[in-house]
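K.L.:
Whatever this is, show me its structure:
(chains A and B)
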Amino acid sequence: MALIRWYDRGPGTADSFDWLRREINELFDMPRTYDRQGVFDRASSPSIDVIERPESFVIKCDLPGVDKQGLDISIAAGVLSIKGEKRLQHSSEKAKVYKQETWEGAFQRTIALPAGVDAGKVEATYKDGVLSVLIPKTEEAKARRIELKSR
Amino acid sequence: MATRETERKQDQERLLRPACLVCEEGEGSIVMKLEMPGVDQDHLELHYEDNTLQLTGRREDVLEEGSYLIRERRPGSFYQAYTLDNTIDPQTIEASLADGVLTVRLHRKEAEKPRKITVKSG
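P.N.:
Numbers count the residues shown, from 1 in each chain, chains lettered A, B, ... in the order given. As a prediction, the model looks like this:
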């Protein structure tokens, strides 16, 4: 049995250059290995987005196949840390692995939060392999409209 | 300048290849796990035709409202196609999606499984 990656590749040598060009372009579509940013982050760490909205910050993290119970989200001294363990993978030790692009093991991400967040009202949800953390801004940090007074 | 809506659409139409794990469990059962974070059951499509299994997972959570301070997650939908050879029984393809991981189970045809041949004494 062989799983053959699908290519719509025609015959002839002229196409080979086309194929090579495509192959090079597709290099960038491969899941990339993420950089370490925080001090305690390990080489394999999930990617995150930090989005600022008028009332809050939203942090999104791709964690496909992570055990919800094992996720540890904490805030201390203005630093949000997401810890957990990724154990997707083969159900039995005897499984014969043909190809593995996914990573597994423990991970940790730490993100320094901007000033003016209300650490007491953090909400976290996990859906379809994506962790979302909503951190509201404090009243002082929210943008507010200043009314003009007419004399 | 591209508006946010067209930018969102472009992100959604960009096709990424999901990270995969392919292994064989037990006898003749091939398990493929593909990581598709952010894809729910309604946006997942599996199509089998002409020995080709196509997997498409459309992602809705690209380009969220607000301004990005950090953006590491690659925006895009997921697509992968596999050519199945004739040792696989296409009638028995099973698929399930849980926590952003798509699991596809393929089974070998009975005739293709390894078997012991007994020697007849002549």
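K.L.:
burial count for residue A:25?
P.N.:
Residues near residue A:25, counting by other Cβ atoms under 10 Å in any protein chain shown, number 9. In short, each C-beta sits where N, CA and C put it, glycine included.
K.L.:
wait, is it part of a helix?
P.N.:
Yes: Residue A:25: assigned to a helix according to DSSP: H, G, I helix; E, B strand; the rest coil.
K.L.:
any idea how far it is from residue A:84?
P.N.:
As judged by Cβ to Cβ, to the nearest Å, residue A:25 and residue A:84 stand 34 Å apart.
K.L.:
quick one, what contacts the closest residue to chain A within chain B?
P.N.:
Minimum separation of chain B from chain A (Cβ to the nearest Cβ) falls at residue B:100, amounting to 1.8 Å. Residue B:100 makes contact with A:62, A:63, A:64, A:65, A:128, A:129, A:130, B:35, B:36, B:37, B:38, B:39, according to Cβ atoms under 8 Å, 6 or more residues apart in numbering or on different chains.
K.L.:
quick one: contacts for the closest residue to chain B within chain A?
P.N.:
Closest residue of chain A to chain B, Cβ to the nearest Cβ: residue A:129 (1.8 Å). Contacts of residue A:129 were listed using Cβ under 8 Å, 6+ apart, and they are A:62-66, B:35-39, B:99-101.
K.L.:
go with 10 Å
P.N.:
Contacts were defined as Cβ atoms under 10 Å, 6 or more residues apart in numbering or on different chains; by that measure residue A:129 touches A:46, A:61-66, A:88, B:35-40, B:97-102.
K.L.:
Give me the spatial nearest neighbour of it, chain neighbours excluded.
P.N.:
residue B:100 (1.8 Å; Cβ to Cβ, 6 or more residues apart in numbering or on different chains).
K.L.:
what's the answer for residue A:134, then?
P.N.:
Excluding the flanking residues, the one nearest residue A:134 by Cβ to Cβ, 6+ apart is residue A:123, at 4.5 Å.
K.L.:
now chain A, which segments are flagged as low pLDDT?
P.N.:
A:1-15, A:28-44, A:88-94 (pLDDT under 70).
K.L.:
Strands of chain A, residue ranges please.
P.N.:
Secondary structure of chain A (DSSP state E): strands located at A:3-5, A:48-52, A:56-62, A:72-76, A:79-86, A:96-100, A:105-112, A:123-127, A:130-136.
K.L.:
I'd like those as JSON lines, with mean neighbour count appended.
P.N.:
Formatted as JSON lines, the strands of chain A follow (neighbours: other Cβ atoms under 10 Å in any protein chain shown):
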{"stretch": "strand A:3-5", "mean neighbour count": "13"}
{"stretch": "strand A:48-52", "mean neighbour count": "20"}
{"stretch": "strand A:56-62", "mean neighbour count": "23"}
{"stretch": "strand A:72-76", "mean neighbour count": "13"}
{"stretch": "strand A:79-86", "mean neighbour count": "18"}
{"stretch": "strand A:96-100", "mean neighbour count": "13"}
{"stretch": "strand A:105-112", "mean neighbour count": "17"}
{"stretch": "strand A:123-127", "mean neighbour count": "13"}
{"stretch": "strand A:130-136", "mean neighbour count": "20"}
